[in-house]
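K.L.:
below: sequence and its predicted model.
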Amino acid sequence: MQALPAADAENPHARRATPMGWWLLAPMLIWLALFVVAPLLILVVYSFCSRDDLGRVVFDFTWTNYARVFDDTYLKILARSVGYAALTTLICVAAGFPAGWFIARRPPAVRNRLLLLVMIPFWTSFLIRTYAWIAILKSEGLLNATLLSARVIPQPLELLYTPVAVVIGLVYAYLPFMILPVYGSAEKLDNALVEAAHDLGAGPLRAFSEVIIPLTWPGIAAGVLLVFVPAIGMFAITDLMGGAKVAMIGNVIQNQVFKARNLPFAAALGVVFTLLFVASYLALQWRGRRARA
Amino acid sequence: MKMLRSLLPLALAAAFGVATAGAAPKGGKLNLFGWSEYVPQAVIDGFTAETGVKVNYETYASGEEMLAKLLAGGGSYDLIQPPDYIAEALIKGGLLTPVDQAKLPHFGNLMPEYLHMPHDPEQKFTVPFMVGTVGIVVNTEKVTTPVNSYAELFTEAHKNRIVVLDDGRELVTAALYTQGKDLNAMTAENIAGTRPVLAAWFKLIKLFDSDSPKTALLNGDVDLGLVWCGEAAILHNEDKKFRYVLPKEGAHLFVDLLAIPKDARNVENAHLFIDYLLRAEVSKLVSDEFPYTNPNAAARKLLTPEQLANPASYPVTDRKLDTFRHIGDSGAAIDELITDLKNAN
Amino acid sequence: MSDLAAKRFPRPTGLRLLDWGLGAWTALVFLFLYGPIAVLIGYSFNTSKLNVVWEAFTFRWYGELMRNEPILRTLGNSLVIAAAATVLAVVIGTTGAWLLHRFRYRGARAIQTLICVPMIMPEIVMGVSLLILFRVASLELGFASVILAHTTFCFPFVLVAVQARLQGLDPALEEAALDLGATPLRAFWLVIVPCLRPAVISGALMAFTLSMDELIISFFTVSPASRTLPLQVFGMAKVGLNPMLNALSAIFVVTTVAFVLFTEHLKRLAAR
């Protein structure tokens, strides 16, 4: 689950690669070149093309697709996607960090059981988990029925097909992705450090912010990456829980491909999205390096 | 080691599965690309039982979506269900295989008024499947004021109680009607002219759904809708409180067709399935589950009086009804407008 | 003795308070994670279609599920695709990890970064770019296109899992085998592979689940014949609530629990 694995350069017994070594590695390198590098390059090429009225791609050079990406509408969508994903990530950190930390501090037997409990939703289909919320949130659904009969609210809450529903869906889908890496780095942490901080007069809050958070930063960073990136591009949850009203960048790309038949524009959106993602990745790495220094 | 060895048969099975998936079993196969909620599973099962042809049924929720996947998918589809205006574009683009009526013994079941229509004047490439309208459905228990027009649907009183089709062209058309303009005059100015109307409407809409707008109405999440008539007819059958209205300003009349893409692989099976759907008793099964207007005269004779009296399926009306025509590149302008408006709120 | 130690050095009350708060918070998180799943499973036994009022107990939806041709067919497709992608991912990932461990390659750092790209790249970008690639290469969408796509995002997970295990491996093992006269290939097969087995298995399981659950990349790379189960479920969920989906979910959850317990069992065996 470690999202940022270190290069395996430490093996002192590694030998300089022989031609044979290169031959053996070739299939994997070719695979990466064909299915990772080539598609991205073609994506960039397509983003400068245009389309005919049936939607077939015409190879001429144009900046219009990028001009459109930086048009008000799409900037707003981009900003909103980042906003929702950031909110989701924030809630996941707030909910997941204490849980991951708590689990890691238990004695091994309890710890493993609790960890299993996190793994089960993690391995269960996210679609199914999203679907579960529809029955709960709809106007005549379980939540409203319960609250109404308990007389907590006078009339049904409007939850389904609102941004609130989208964020609930996103948090629910990605929370385990935050708990697991946090657990991973918290488990390695020596309990004595925390108690030492306390002995030195740090209150629980100060111990948390000045000792615990910096020491578990790699886990948080990995969790943030694992939640934030997929949350921006997710279209299924916004479709199912947002009533197709709360467009996020993933919905727009999907619509451009499968409705508007505008592959070049979808490609341009994809390129910008990728750049955005690379930037946030580098920012996290940079923050991590600073934390270590 | 044991694990690896037990994985081996799995790998073989996978490779074998891939190989056989390409080859045709007895009876062959048919890749059907149709609207969601339009061909009952029972009809597909019946066809497979009779002919041995395996049907892969993939669905879409708008004509645009179908066109996009068709253009992307190459020869992967054998039979499609385009709406009239998309079929017109496909015919103009030379993307359809002519339908051989000699292979369709039940073609004569169709009512002549649904043949030789403007999208396919020679009746060479398409076969009518179902006909319908786009209108307003009202939950009369929750909404007591009369709703007979787009103007009465989109009012402040109905804020957040409305579901509409997630289909840009339908929405722009409704707006054009309120402005008294021709719904096929999709010029850039006309489209731009609908912006203020639609912007006001979008503030009132709770959700966009083309797949199954009836769900939100049934669940009580919304009380009014601009929906396909078939959806309204199902609601009406479910509960008489749902009333279907054709708007005063005019409404879109659509004909959904069956057509065979140019590079279809299983043209014979496509013909077999078209003819199967044209049989009176099969067509009746479709009408039982998805009560649109059936253009099949023989099938209509089998329908019950209640079915024929469903005002959503067989409206008796003097309202202005118009069909869509192919509008070329204007689709992009509509899409841009709708995306823009959805994000303005 | 330990009792005495605890008395002499009691855990500071502040920390205990914090611990208590964290425990309560964790309990809430688990409630949030499991509540909806419990509701989902509960309603799969309800006769009502609408998932609100409890009417009566029934197995009807399970029966309908077993007879639902599209679900069974797409489930079959998903299993075939996941199995094929897993096998390819294991082969590419394991050999890749071993080679990168065994040899010093020029540009190893770049290669390592490249391997991470499919793991963290937004799925939607990967989906669109692969769709365009297949179209440019005029590879018709079908089983091959989905399997290629799934293998691409699955094998890095296997590779990373195996790499982690290799780092803890005693290099003397392989040298001993070579000294005893084994060919490099035999040494790899007889010494390295058995050592890597737990990592390979957990990587394979990861790949298999990822492939089974993948929606977005599949969305762009399937054909009607190779439609996967998540796409079918997505389509059904869009149309509305359907108790058959509840039944399917219940089966999924039970399978997952069995599966997680099984892997834990394997891990314990490996650790012994």
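P.N.:
That came through, no problem.
K.L.:
ok, the residue lying closest to residue B:262 once chain neighbours are set aside - contacts?
P.N.:
Spatial nearest neighbour of residue B:262, excluding adjacent residues (C-beta to C-beta, 6 or more residues apart in numbering or on different chains): residue B:95 at 5.1 Å. To be clear about C-beta, it is placed using only N, CA and C from the backbone, and glycine gets the same treatment. Going by C-beta atoms under 8 Å, 6 or more residues apart in numbering or on different chains, residue B:95 touches B:70, B:261, B:262.
K.L.:
what's the burial count for the first one?
P.N.:
Residues lying near residue B:70 (other C-beta atoms under 10 Å in any protein chain shown) number 24.
K.L.:
residue B:333 contacts residue B:191, doesn't it?
P.N.:
Yes. Residue B:333 is in contact with residue B:191 according to C-beta atoms under 8 Å; the separation is 5.0 Å.
K.L.:
can you tell me the residue of the stretch 151-300 of chain B closest to chain C?
P.N.:
Residue nearest to chain C within the stretch 151-300 of chain B (C-beta to the nearest C-beta): residue B:215, separated by 3.3 Å.
K.L.:
can you tell me which helix or strand that residue belongs to?
P.N.:
helix B:213-219 (DSSP states H and E).
K.L.:
helices and strands around the helix or strand just after that helix, which ones?
P.N.:
Note on helix B:213-219: by DSSP H and E, the next helix or strand toward the C-terminus is strand B:224-228. Packing partners of strand B:224-228 (3 or more C-beta pairs under 8 Å, 6 or more residues apart in numbering or on different chains; DSSP states H and E): strand B:126-139, helix B:150-153, strand B:162-164, helix B:168-178, helix B:213-219.
K.L.:
quick one on the thing from earlier: tell me the pLDDT at the residue of the stretch 151-300 of chain B closest to chain C?
P.N.:
pLDDT for residue B:215: 88.
K.L.:
what ranges do the strands span in the chain?
P.N.:
Assuming you mean chain A. For chain A, applying DSSP state E gives strands covering A:15-16, A:50-51, A:57-58.
K.L.:
the intended chain is chain C.
P.N.:
Per DSSP E, chain C carries strands over the ranges C:103-104.
K.L.:
residue 135: neighbour count?
P.N.:
In the absence of a named chain, this looks at chain A. Residue A:135 is flanked by 23 other residues according to other C-beta under 10 Å.
K.L.:
ah, I was thinking of chain C
P.N.:
Counted with other C-beta under 10 Å, the neighbours of residue C:135 add up to 19.
K.L.:
and it, what does it touch?
P.N.:
By C-beta under 8 Å, 6+ apart, the contact list for residue C:135 reads residue B:72.
K.L.:
tell me the one of the contacts of residue B:95 nearest chain A?
P.N.:
residue B:70 (9.8 Å).
K.L.:
which parts of the stretch 1-150 of chain A are helices?
P.N.:
With helices called from DSSP state H, counting those that start in this stretch, the stretch 1-150 of chain A shows them at A:19-32, A:38-46, A:64-69, A:72-104, A:108-123, A:126-137, A:142-149.
K.L.:
any chance of those helices in TSV, with distance to chain B and mean pLDDT too?
P.N.:
Output for the helices of the stretch 1-150 of chain A, formatted as TSV (distance: least, C-beta to the nearest C-beta, whole Å; pLDDT from 0 to 100):
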stretch	distance to chain B	mean pLDDT
helix A:19-32	16	91
helix A:38-46	13	95
helix A:64-69	8	92
helix A:72-104	4	92
helix A:108-123	19	86
helix A:126-137	9	86
helix A:142-149	10	87
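K.L.:
all strands of chain B, in order?
P.N.:
Along chain B, counting by DSSP E, strands occupy B:29-35, B:54-60, B:79-80, B:96-97, B:126-139, B:162-164, B:205-208, B:224-228, B:242-245, B:251-261, B:321-322.
K.L.:
sweet, I'm off.
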